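Q: Curious how this folds, go ahead:
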Amino acid sequence: MHSRAIPYRLFYVAVLTNLWFTLGCSGAQLHPPRGMGFEARCAAVAAVRCFGFDSSAQTEPYVYPPWGQTTKRGIIVNDVKASGAGSLRFEIPPRSGSDTSGSFWLNFSDDLSVQFGEHEEFYVQWRQRFSKEFLETNYLGGGGWKQAIIGEGDRPGATAYSCTELELVVNNPYHLGYPAMYHSCGSKDGGFEGLFASGSVAYEPDEWMTFQMQVKIGTWYKNDGRYHQDSTVRLWVARQGRPSKLVVNLSPEPMTFFGIKIPGTGSGYDLVNTERDAKYGKIWLLPYNTHKDASEDHPPAYTWYDELIIARSLIPDPS
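A: Numbers count the residues shown, from 1 in each chain. Okay, the predicted model is just below:
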């Protein structure tokens, strides 16, 4: 994030941000309500799209094998699931490179009618489970595995791929053990931009964790040095059976402490997009791990996905 703020103001905002994360103080709309099943959450927010991963026939058209291979490592299983009849499981086999497992791609709508551009807002929530082997292996060479990419949607006659300038990625950077985010694919001012994460919710094995991202687009940044800081990017994370915690909070709205808004504490973001017709409209679920050493003979590992929801408003936490 870029700022012309003078140093004492940056220090002031940094101190308040740390207090905000420590004390959990916040304004309205920062904590999702709790206690709803998958179908009830979809209905409550009039979801744009809900995907339950309940059948192979439903899911397989959106699953792709690792690059250059034909065998899909993302499959529907029925023995481990958050709800319904199944979940999507990816295997991370030994001696696999960066693209360990392939991926799941899904447009926000199959007819491409739902995409989000300037001055629009959306939310994406999913459940994810991690095997102990997946969390305990520091994969040689790997920069840390991804969980999800929110990026450009397909356009008629044109398939959008994951590495675009407007993408937002949730990942486990350098195997730190907690979720963080970055923006762009080396395109924003010539680099990948990390988004500060509090680290307050660590990954836990063998339980269904919940992740939710909010994206509120202000004015697209055009890589021209003219920063608007009027977009919002937030990420909530919850352990199974517990309320969500806000771990990434970039917003132009001032922070609220004990009901009082603190002037000058907004930390709005700039989302880059220089393509006239590009909009957010697609999600990738995948454990891709850039530069992972394909010669490492590590234990087989797994991650599972379930209960994907895309909506225009904040999605309640699961029951």
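Q: in the chain, what spans have low per-residue confidence?
A: 1-30, 264 (pLDDT under 70).
Q: which stretches of it form helices?
A: 7-23, 38-44, 56-59, 132-136 (DSSP state H).
Q: residues of the last one that come out buried?
A: What it means is helix 132-136. 134-135 (16 or more other C-beta atoms under 10 Å). C-beta here means a position set from N, CA and C on the backbone, and glycine is covered the same way.
Q: ok, now the third one?
A: Buried positions in helix 56-59, judged by neighbour count with 16+ other C-beta under 10 Å: residue 59.
Q: helices or strands up against it?
A: strand 74-77 (3 or more C-beta pairs under 8 Å, 6 or more residues apart in numbering; DSSP states H and E).
Q: Can you tell me which helices and strands the strand it packs on packs against?
A: Applying 3+ C-beta pairs under 8 Å, 6+ apart, one finds that strand 74-77 contacts helix 56-59, strand 63-64, strand 87-92.
Q: Select, out of these, the one closest to residue 48.
A: helix 56-59 (17.2 Å; C-beta to C-beta).
Q: what does stretch 295-306 rub up against?
A: Stretch 295-306 is contacted from outside by 52-53, 77, 80-84, 87-95, 104, 126-131, 133-134, 137, 139-141, 208, 285, 287, using C-beta atoms under 8 Å, 6 or more residues apart in numbering.
Q: got it, and stretch 167-180?
A: By C-beta under 8 Å, 6+ apart, stretch 167-180 touches 135, 138-139, 142-152, 181-185, 194-195, 197, 199-203, 211, 213, 215, 233, 235, 237, 247-248, 271.
Q: what would the helices and strands packed on strand 74-77 look like in JSON lines with distance to residue 306?
A: Compiled in JSON lines, the helices and strands packed on strand 74-77 are given as follows (distance: least, C-beta to C-beta, whole Å):
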{"stretch": "helix 56-59", "distance to residue 306": "11"}
{"stretch": "strand 63-64", "distance to residue 306": "14"}
{"stretch": "strand 87-92", "distance to residue 306": "4"}
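Q: ok, residue 266 - how many residues close by?
A: Close neighbours of residue 266, defined as other C-beta atoms under 10 Å, add up to 17.
Q: Next, count neighbours for the closest residue in space to it that isn't next to it in sequence.
A: Distances taken as C-beta to C-beta, 6 or more residues apart in numbering place residue 252 nearest to residue 266, at 4.4 Å, with adjacent residues excluded. Number of residues near residue 252 (other C-beta under 10 Å) recorded here: 15.
Q: residues contacting residue 252?
A: Contact analysis of residue 252 by C-beta under 8 Å, 6+ apart lists 218, 229-232, 266-268.
Q: Pull the most distant pair out of those.
A: Of all the pairs that those form, the one spanning the most space (C-beta to C-beta) is 218 and 267, at 12.9 Å.
Q: So for those two, which residues contact both of them?
A: Counting by C-beta under 8 Å, 6+ apart, the common neighbours of residue 218 and residue 267 are 229, 252.
Q: circling back: identify, from the contacts of residue 252, the entry nearest to residue 159.
A: Of the contacts of residue 252, the one sitting nearest to residue 159 (C-beta to C-beta) turns out to be residue 231, at 25.6 Å.
Q: Now do the contacts for the spatially closest residue to the closest one that is not a sequence neighbour.
A: Nearest non-adjacent residue to residue 231, counting by C-beta to C-beta, 6+ apart: residue 218, 4.1 Å away. Neighbour list for residue 218: 118-119, 228-232, 252, 268, 270-271 [criterion: C-beta under 8 Å, 6+ apart].
Q: State the distance from residue 311 to residue 108.
A: Going from residue 311 to residue 108 by C-beta to C-beta, to the nearest Å gives 10 Å.
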